[in-house]
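Asker: Any chance you can model this:
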Amino acid sequence: MSSKQNHSGERPRLPQATLEHGELLDRLGIPYMVLSLSGQILLVNETFRSFMLGGVREPIIGADLKAIRLDERAPPLFDALRRVMWDSEPATRGEAVPVETPQGLAYISWKIARIALKPDLTVLVVVGEDVTEMVRMKQESERLAQRYHSLLEALPVGIVVTDFEDNVIMANTKMAEILGVERDEIIGTNFERYVLEEDRPLLRKKTRERSHGRSSTYDIRIRRPEGEIRHLQIRAVPQGPDGGKPSFALAVILDITEQKRARKALEQEQEKLRAIASASIDAIVIVDSHAVVTFWNRAAERMFGIAEADAIGMEIGKLIVPEDRRPVFTERFRNVSRQMEDARVMIEVRLQRANGDVFPAELVAGRVSHGTDMRIVALIRDISGRKIEERRRQQQHKELQLYASILRHDLKNDVSILLANIELARALLDSGRQDEIEEVLSSSETVCNRMANVLRAFGRPSDHKVVDLIEIVRESVNRARKTYKSLQIEVKIPKQSPPMQVIGSTLLPMVIENLIGNAVFHSKSEVKVTITIERTNDTALVRVIDNGPGIPDRIKKHLFEKGISTSGGGMGLYLSREIMRALGGDLKLESSEVGKGSTFLMTVPLIAP
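Answerer: All right, here's what the predicted structure looks like:
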């Protein structure tokens with residue numbers, strides 16, 4: 001730049017492009033002026049005359065700016081000009097000043113820059129910018145701030161008002177605290193300066209949405225002056241002066257850094273738990289305070305036949321608890337929820353698989369908390385095998401007790417009867433009383449048969465495996481068909497009946513065969529036997545129906561007593577009922593009518609599938 005050329009008395013010639021630029025700005029109504037470094041006016045448009053030069057009409061091109069009558073609003077502008085002209089500031093921006101326009105009061109801010117138009121020509125360019133909307137927004141926010149100052153300052157969240165270029169117009173003390181700066185430092189700055197570079201595109205996108213009248217909620221990250229990164233949640237609503245067209249945004253800002261850290265820590269703990277739980281042979285299930293599943297390991301998938309994706313988000317009671325047991329389960333869940341954190345509850349429950357099968361389970365549950373977040377962790381073990389083993393031992397024990405009782409009482413008595421009959425027979429042989437001898441022998445034969453039945457019943461080893469009751473009945477029927485050639489027997493089973501599992505015992509088929517044998521023994525005509533099987537909850541009902549002579553009323557009340565029989569033996573039904581009771585079931589006469597046959601009902605406890 002040549003100081004002589006720029007400060008000489010001659011008016012420098014401006015490039016044609018600069019002149020055309022000035023005409024364009026004039027047509028757009030934008031104030032515009034070009035000065036030499038000495039203060040000589042080289043170019044000025046009518047808008048600038050009207051706003052800043054008091055509307056002077058005399059020729060001013062080439063005149064010294066100091067000789068022009070200035071508008072009262074001009075001094076701040078010329079102070080800024082002098083700083084750029086003589087203090088060598090490359091550029092500056094003037095404060096907004098009010099001006100009257102045909103459309104009403106407006107506010108103009110000035111941008112002043114030193115520009116080299118040619119190698120030998122450097123000028124000062126003054127361009128006005130209409131900042132009316134920004135000023136009005138600031139005035140509106142200041143009005144709101146004054147009106148709600150106490151409320152805004154008392155709020156535990158950040159409040160900030162920005163224009164649609166994210167320039168901060170107003171902010172409360174909490175907002176400054178979140179950003180880590182003084183409140184006065186925020187006003188007039190661009191909010192984007194605090195935002196991490198990678199999050200700025202999101203901020204701009206949401207700002208554009210607000211400029212079109214759309215509210216938004218989103219998370220961004222900021223960097224505080226000391227370098228700390230914080231996570232913020234922004235909820236911004238577009239606003240306008242007095243409810244008019246949106247021209248600024250009011251944002252509520254929450255610092256969610258600690259929540260993010262807590263969530264991350266929880267996720268890390270869950271990952272550790274997931275790694276441990278994936279190797280567990282027991283189901284591990286975690287539910288929230290509303291009993292909604294939040295964790296479901298692989299063992300739970302195998303146990304219940306429900307994939308993790310299908311279990312997460314489901315209410316635990318509806319997922320794995322049979323419908324009739326849900327009220328009790330819900331009450332137990334509430335009890336666990338109310339207990340102290342270090343308390344543990346262990347209960348046995350009946351749970352349900354995806355295919356509808358119900359099984360016994362042992363459930364150990366406890367409450368854990370992470371801040372305000374409460375969870376219940378449950379370890380579930382399928383104890384079907386253990387329950388079956390318990391039933392086997394119980395049944396074996398009952399069978400042994402029954403055997404010992406019969407040996408101790410019944411067989412002992414039978415042996416005494418036999419010994420007495422032997423002595424009596426010896427005496428009768430000497431007297432030659434043949435009829436009485438026959439009666440004694442018949443009684444002895446009955447006792448021997450009874451003893452043989454007992455020994456046969458308990459002489460077979462029982463393996464106590466889980467077997468299908470339907471198969472037991474079918475096998476007993478097949479043996480009966482081979483034994484009694486004239487027997488007509490039919491088994492009726494419901495269509496598509498699932499297996500009815502029981503603890504295996506050699507005693508159970510003997511009861512069935514004994515009932516069939518009694519029907520054959522007491523019938524004088526063609527024997528017809530029908531066996532029906534049905535299920536009621538955890539019990540099977542087996543009915544043995546015959547077309548025999550029926551049972552007289554005088555015998556019905558004592559039918560299952562030892563020594564009572566329609567033919568005088570009686571050990572078969574007595575022993576059969578004792579066996580059924582030892583197995584956890586029962587045997588009773590359901591109906592009988594003389595001349596029309598009888599129906600015996602066996603109740604057999606089943607093993608849960």
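Asker: for the stretch 51-200 of the chain, what spans make up the helices?
Answerer: 75-86, 132-147, 149-154, 173-179, 183-186, 200-211 (DSSP state H, counting those that start in this stretch).
Asker: Lowest average confidence across these, which one?
Answerer: The weakest mean pLDDT among the helices of the stretch 51-200 of the chain belongs to helix 75-86, with a mean of 62.
Asker: Quick check: which element contains Glu390?
Answerer: Per DSSP states H and E: Glu390 is located in helix 384-405.
Asker: Show me what counts as buried in stretch 472-486.
Answerer: Under the neighbour-count criterion of 16 or more other Cβ atoms under 10 Å, stretch 472-486 has Ile472, Val473, Ser476, Val477, Ala480, Tyr484 buried. C-beta: built from backbone N, CA, C; applies to glycine.
Asker: cool, stretch 527-545 as well?
Answerer: Val527, Lys528, Val529, Thr530, Ile531, Thr532, Ile533, Ala540, Val542, Arg543, Val544, Ile545.
Asker: ok, of those residues, which one's closest to Leu508?
Answerer: Val542 (9.7 Å; Cβ to Cβ).
Asker: List the residue ranges of the stretch 1-150 of the chain that fall below the pLDDT cut-off.
Answerer: 1-12, 14-29, 50-59, 65-95, 99-103, 141-142, 144-150 (pLDDT under 70).
Asker: switch to 50 and redo it
Answerer: Low-confidence segments of the stretch 1-150 of the chain (pLDDT under 50): 1-8.
Asker: And for the chain?
Answerer: 1-8, 565-571.
Asker: What's the biggest strand in it, counting residues?
Answerer: Secondary structure assigned by DSSP state E gives strand 104-118 as the longest strand of the chain.
Asker: Tell me the buried residues in the strand or helix carrying Arg302?
Answerer: Here Arg302, judged by DSSP H and E, is contained in helix 298-304. Within helix 298-304, the residues that qualify as buried are Arg298, Ala299, Ala300, Glu301, Met303, Phe304, counting by 16+ other Cβ under 10 Å.
Asker: can you redo those residues as CSV with distance to Arg332?
Answerer: Converted to CSV, those look like this (distance: Cβ to Cβ, whole Å):
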residue, distance to Arg332
Arg298, 26
Ala299, 22
Ala300, 19
Glu301, 24
Met303, 19
Phe304, 18
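Asker: got the contact list for the helix holding Arg302?
Answerer: With contacts defined as Cβ atoms under 8 Å, 6 or more residues apart in numbering, helix 298-304 is touched by 277-278, 280-285, 306-308, 311, 319-320, 351-354, 380, 382.
Asker: Which helix or strand lies directly C-terminal to that helix?
Answerer: Counting by DSSP H and E, what follows helix 298-304 is helix 308-311.
Asker: Which strands and helices lie in contact with that next one?
Answerer: The elements that helix 308-311 packs onto, with contact taken as 3 or more Cβ pairs under 8 Å, 6 or more residues apart in numbering; DSSP states H and E, are strand 293-296, helix 298-304.
Asker: chain center to the longest one: distance?
Answerer: Put simply, helix 298-304 sits 16 Å off its chain's centre (Cα atoms, centre = their mean, to the nearest Å).
Asker: wait, what's in contact with the closest residue to Glu578 other than its chain neighbours?
Answerer: Leaving aside its chain neighbours, Glu578 sits nearest to Leu402 (5.8 Å; criterion: Cβ to Cβ, 6 or more residues apart in numbering). By Cβ under 8 Å, 6+ apart, Leu402 lies in contact with Glu578, Ile579, Ala582.
Asker: Output stretch 191-207 in CSV with nothing but the alpha carbons.
Answerer: Extracted as CSV, the C-alpha positions of stretch 191-207 are listed here (Å, rounded to 0.1, in the frame of the first residue of the first chain):
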residue,chain,number,x,y,z
PHE,A,191,-23.1,-22.0,21.8
GLU,A,192,-21.3,-24.2,19.2
ARG,A,193,-17.9,-23.2,20.6
TYR,A,194,-18.6,-25.3,23.7
VAL,A,195,-19.7,-28.4,21.7
LEU,A,196,-17.3,-31.2,20.7
GLU,A,197,-16.4,-31.0,17.0
GLU,A,198,-18.0,-34.4,16.2
ASP,A,199,-21.3,-33.3,17.8
ARG,A,200,-21.6,-30.0,16.0
PRO,A,201,-23.4,-31.4,12.9
LEU,A,202,-26.2,-32.7,15.2
LEU,A,203,-26.4,-29.3,16.9
ARG,A,204,-26.8,-27.5,13.5
LYS,A,205,-29.4,-30.0,12.3
LYS,A,206,-31.5,-29.5,15.4
THR,A,207,-31.1,-25.7,15.2
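Asker: any residues touching it, and which ones?
Answerer: Applying Cβ under 8 Å, 6+ apart, the external contacts of stretch 191-207 come out as 160, 162, 164-168, 179, 216, 218, 220-223, 229, 234, 236, 249.
Asker: Please check those and keep the buried ones.
Answerer: The neighbour-count test (16+ other Cβ under 10 Å) marks 160, 162, 164, 166-168, 179, 216, 220-223, 234, 236, 249 as buried among the contacts of stretch 191-207.
Asker: Just the closest of these to Ala519, please.
Answerer: Nearest to Ala519 out of these is Ser216 (Cβ to Cβ; 85.3 Å).
Asker: need the contact list for that closest one.
Answerer: Per Cβ under 8 Å, 6+ apart, neighbours of Ser216: Lys206, Glu209, Arg210, Ile234, Arg235, Ala236.
Asker: So what are the sheet partners of the host helix or strand of the fifth one and their directions?
Answerer: Looking back up the chat, that one is Arg235. Using DSSP H and E, Arg235 sits in strand 229-239. Sheet pairing of strand 229-239 (DSSP bridges) gives strand 216-223 (antiparallel), strand 248-255 (antiparallel).
Asker: Report the distance from that strand to the chain centre.
Answerer: For strand 229-239, the distance from its own C-alpha centre to the chain's C-alpha centre is 28 Å (Cα atoms, centre = their mean).
Asker: Report the inter-axis angle for that strand versus helix 200-211.
Answerer: On the basis of axes from the mean of the first three to the mean of the last three Cα atoms, to 10 degrees, strand 229-239 is oriented at 20 degrees to helix 200-211.
Asker: List the contacts of strand 229-239.
Answerer: With Cβ under 8 Å, 6+ apart, strand 229-239 has contacts from 158, 161, 178, 196, 206, 210-211, 213-224, 246-257, 259-260.
Asker: Tell me who's in contact with the closest residue to Val491 other than its chain neighbours.
Answerer: In this structure, Val491 finds its nearest non-sequential neighbour in Ile531, 4.9 Å apart by Cβ to Cβ, 6+ apart. Applying Cβ under 8 Å, 6+ apart, we find Ile531 in contact with Val473, Val477, Ile489, Glu490, Val491, Lys492, Ile512, Val542, Arg543, Val544, Ile545.
Asker: Let me know the closest of the buried ones among the contacts of stretch 191-207 to Glu389.
Answerer: Using Cβ to Cβ, these come closest to Glu389 at Arg221, 59.2 Å.
Asker: if I look at the closest residue to that closest one other than its chain neighbours, how far off is Val466?
Answerer: Nearest residue to Arg221, sequence neighbours excluded (Cβ to Cβ, 6+ apart): Leu196, at 4.6 Å. Distance, Leu196 to Val466, by Cβ to Cβ, to the nearest Å: 65 Å.
Asker: Equivalent analysis for Ile607, please.
Answerer: From Ile607 across to Val466, the span is 6 Å (Cβ to Cβ).
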